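K.L.:
Dropping a prediction and its sequence here:
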Amino acid sequence: MLRIAIIQFRPDKGAYTENLSRLGEIFGEVGRWAEPPELVIAPETALTGYFLEGGVRELAVSAEQLFADLSATHAASGAAPFDIALGFYEVWRNRLHNSSLYATLGGADAGIRHVHRKVFLPTYGVFDEERFVEPGTSIKAFDTRWGRAAMLVCEDAWHSLAPTLAALDGAQLIIIPSATPGRGIAPGAGPGDGRARPSNLDRWDRLAQAIAEEHGVFVAVAHLVGFEGGKGFVGGSVLANPRGALLLHGPLFEPAVLPATLDFDEITRARADQPLLSDLEVRLPHLLADWQAGRGGQQTESGSNGDGRRTLPTPRSRVIGTPTQPPTGAPLEIDPELTRRWLVAFLKDEVLRRRGFSHAILGLSGGVDSSLVAYLAAEALGAENVTAVRMPYRTSSPESLAHAQLVIDALGIRSRTVDISAGVDGLVAAIGGDVSPGRRGNIMARARMITLFDLSAELNALPLGTGNKTERLFGYFTWHADDSPPVNPIGDLFKSQVWALARHVGVPGVIVDKPASADLIKGQTDEGDFGISYAKADQILHWLLVGYKPQSIVELGFTLPEIALVSTRLESTHWKRRLPTVAMLSQTAIGEYYLRPVDY
């Protein structure tokens, strides 16, 4: 039997000493349990946060230094001796690695037992590990006080060869520290008990189960929790037994300490019933020998061109498949309750913990986007800590003011009303000439941001953005105005998804159902400006973003002119979603060589 505790840890970015101190508090907590754990498992990069970019070199430590720091922290906690597995950024032989340490803390046999250096470094999507750390080169099991273990770090486990090597080397428990950002808000994900979970966590569950069942081992996955630059480490740690059953699930979005007891006799029983690992051990040498011989045969076959000269085999090109036919269904359907929980947790983490504000402020137009943000902020921060600012211009629709008041009254949030007419008209007069309605609208949008940011300074409140994904992809906002607030909870929701979530959280129907309008020009509507409905634009944008070609999207019922309209808007507005372009002159150029995440 082995008593373990999986720590679902939420670090402060870059705060190694502070995170170590908080870990020490957990050591003291588990040390007071009636049956303290013999092994504590913490996530990948637990003491620093994961997305450090160039900050890795500043926070990487040697395994010896980490062990010394953990030992001192453990001694101060008063806990009995136990083992620990924990992910960290490591400096080893003058190289940087994403590693995991296994050590015994306290007692006569205290010391480092193993260091695993992550072999498979993801460099796709939001990941860019190979730019900042180097890969490890081995996967090995190792002896502990209770038996034999192996460690993999996050993506290592996604390559079937890695857990297979660990099991073949005698591992009874495979430990997987992980920092996996949550992705996927479609309905239907989860462990089957009614709890909605991000879809990639559902994949992690199946992965842990498959590794455990195939090899007859215990698999413990410790997930990081918290938000880093908008990317949510959502928790949901899991433990699978040798028959592939899940023994526990960590909560979503919250730190937790999860106790469990492993009965290693279950490995014996599982392997007796299903001796897959034994079969592999017998046949693997033959398979490898045959595979190697086949490779040699291919080289011989292509090794001569007929005149005695050696030639190299023709390399296989790396073909990146382009999707051709989009699947049918409802690709933008969301699980609204999961989405609500996710965004409320994001606001709590980003506003309160990361930025240190207790109060938020937003422009409330009476439209569905800002109304939804107000509902989410009131839940996350408390109604008394949210200020909504109505900023009408003299041509603004009276309906906008009335609908904004509906939200203010329904939520009980604080409010201010600032008429921007005099300021806008004064600037228009000072500029002179014939100011077009579009230019006047841009001045109005920027005047609203000046107002919002100035009031944020007065109230010590963090401004919240209210732009949705469709608007951002279409460039349908005024640069350095609508998209200026530093935190935006709905910027990755298409307009159609905003409507669905707004209905779920209780935004008044009169707001959700009215035609969307920026209300900068009298009679203006978003869809009138676009020349296409949100329902069509959202789906076309989705298929373009995931890589489908126009002709394939036509098969879903859209026309080529509609697709061209959306594609042109998308491709012509990249500049609005980026910081200003700066001429790079040095090897310390900001954002090119000097790389730090927004929350570092």
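P.N.:
Great, that's in hand.
K.L.:
Report the contact partners of K348.
P.N.:
Residues near K348 by C-beta atoms under 8 Å, 6 or more residues apart in numbering: 380-381. For every residue, glycine as well, the C-beta is placed using N, CA and C.
K.L.:
got it, and the one 5 residues further on?
P.N.:
Neighbouring residues of R353 by C-beta under 8 Å, 6+ apart: 12, 226.
K.L.:
How about the contacts made by I431?
P.N.:
Neighbours of I431 in contact, by C-beta under 8 Å, 6+ apart: none.
K.L.:
Please state the backbone phi and psi of it?
P.N.:
phi -70, psi -40 (degrees, to the nearest 10).
K.L.:
Quick check: the gap between it and I420.
P.N.:
As judged by C-beta to C-beta, to the nearest Å, I431 and I420 stand 16 Å apart.
K.L.:
what does A380 give?
P.N.:
The gap separating A380 from I420 is 28 Å, by C-beta to C-beta.
K.L.:
now L501
P.N.:
Distance from L501 to I420, by C-beta to C-beta: 29 Å.
K.L.:
can you check R353 too?
P.N.:
Separation of R353 from I420 (C-beta to C-beta): 33 Å.
K.L.:
Just confirm L570 contacts L473, I think it does.
P.N.:
Yes - the pair L570 / L473 is scored as a contact, 5.5 Å apart, by C-beta atoms under 8 Å.
K.L.:
Tell me which of these two has more neighbours.
P.N.:
L473 (22 against 17; other C-beta atoms under 10 Å).
K.L.:
To which secondary structure element type does that one belong?
P.N.:
helix (DSSP: H, G, I helix; E, B strand; the rest coil).
K.L.:
again with L277
P.N.:
Assignment for L277 (three-state DSSP): helix.
K.L.:
Quick check: pLDDT value at it.
P.N.:
Per-residue pLDDT puts L277 at 92.
K.L.:
again, but for A377
P.N.:
98.
K.L.:
swap in S317?
P.N.:
Confidence score, pLDDT, at S317: 37.
K.L.:
now swap in the one 4 residues further on and tell me
P.N.:
The pLDDT attached to G321 in the predicted structure is 48.
K.L.:
For the stretch 401-550 of the chain, which segments are assigned as strands?
P.N.:
Under the criterion DSSP state E, counting those that start in this stretch, strands of the stretch 401-550 of the chain are mapped to 414-417, 462-463.
K.L.:
Sorry, slip of the keys, the one I care about is the stretch 151-300 of the chain.
P.N.:
Secondary structure of the stretch 151-300 of the chain (DSSP E, counting those that start in this stretch): strands at 173-178, 218-223, 225-228, 231-234, 238-240, 246-249, 256-262.
K.L.:
mean confidence score for the second one?
P.N.:
Confidence for strand 218-223, expressed as mean pLDDT, is 98.
K.L.:
So what touches that strand?
P.N.:
4, 6-9, 41-44, 85, 157, 163, 172-180, 201, 204, 208-209, 211-212, 233-242, 250, 262, 267.
K.L.:
still on that earlier bit, joint contacts of L570 and L473?
P.N.:
Common neighbours of L570 and L473 (criterion: C-beta under 8 Å, 6+ apart): L541.
K.L.:
which residues of the chain score low on pLDDT?
P.N.:
189-195, 296-326, 328-329 (pLDDT under 70).
K.L.:
Closest to the mean position in it, which residue would that be?
P.N.:
P181 (2.8 Å; C-alpha atoms, centre = their mean).
K.L.:
which residues in the stretch 451-600 of the chain form helices?
P.N.:
Assigned by DSSP state H, counting those that start in this stretch, the stretch 451-600 of the chain shows helices spanning 469-474, 495-505, 509-512, 526-530, 534-545, 550-554, 560-571.
K.L.:
Would you mark the buried spots in the third one?
P.N.:
To tie it back to what came earlier, the one meant is helix 509-512. For helix 509-512, the buried set under the neighbour-count rule, 16 or more other C-beta atoms under 10 Å, comprises 511-512.
K.L.:
For stretch 84-91, which outside residues touch it?
P.N.:
39-48, 52, 56, 59-63, 66, 70, 96-105, 115, 117, 133, 149, 151, 153, 175, 177, 179, 222.
K.L.:
What is the burial count for the nearest residue to A245 once chain neighbours are set aside?
P.N.:
Once flanking residues are discounted, A245 sits nearest to Q209: 7.4 Å by C-beta to C-beta, 6 or more residues apart in numbering. By other C-beta under 10 Å, 18 other residues sit near Q209.
K.L.:
shouldn't Q209 be in contact with L246?
P.N.:
Yes - using C-beta under 8 Å, Q209 is in contact with L246, at 6.4 Å.
K.L.:
list residues touching both of these two?
P.N.:
A240.
K.L.:
Name the nearest residue to D335, sequence neighbours excluded.
P.N.:
P187 (4.2 Å).
K.L.:
To clarify, my last question referred to R148.
P.N.:
Nearest one to R148, counting by C-beta to C-beta, 6+ apart, is G170 at 4.6 Å.
K.L.:
Check G55 too.
P.N.:
Per C-beta to C-beta, 6+ apart, closest to G55 is Y600, 5.4 Å.
K.L.:
Count the residues that sit near that neighbour.
P.N.:
17.
K.L.:
For it, give me its contacts.
P.N.:
13-14, 52-53, 55.
K.L.:
Can you classify Y89 by secondary structure?
P.N.:
strand.
K.L.:
how near is it to V61?
P.N.:
7 Å.
K.L.:
Restrict stretch 110-124 to CA atoms and write it as PDB.
P.N.:
Below are the C-alpha coordinates for stretch 110-124, written out as PDB (Å, rounded to 0.1, in the frame of the first residue of the first chain):
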ATOM      1  CA  ALA A 110      16.700  11.800   2.300                       C
ATOM      2  CA  GLY A 111      18.000  12.700  -1.200                       C
ATOM      3  CA  ILE A 112      17.400  13.000  -4.900                       C
ATOM      4  CA  ARG A 113      16.300   9.700  -6.400                       C
ATOM      5  CA  HIS A 114      15.700  10.700 -10.000                       C
ATOM      6  CA  VAL A 115      15.400  13.600 -12.400                       C
ATOM      7  CA  HIS A 116      13.400  13.200 -15.600                       C
ATOM      8  CA  ARG A 117      14.000  15.800 -18.400                       C
ATOM      9  CA  LYS A 118      11.000  16.200 -20.700                       C
ATOM     10  CA  VAL A 119      11.700  14.500 -24.000                       C
ATOM     11  CA  PHE A 120       8.800  15.700 -26.100                       C
ATOM     12  CA  LEU A 121       8.700  19.500 -26.100                       C
ATOM     13  CA  PRO A 122       5.500  20.900 -27.700                       C
ATOM     14  CA  THR A 123       6.000  23.600 -30.300                       C
ATOM     15  CA  TYR A 124       2.600  24.200 -31.800                       C
END
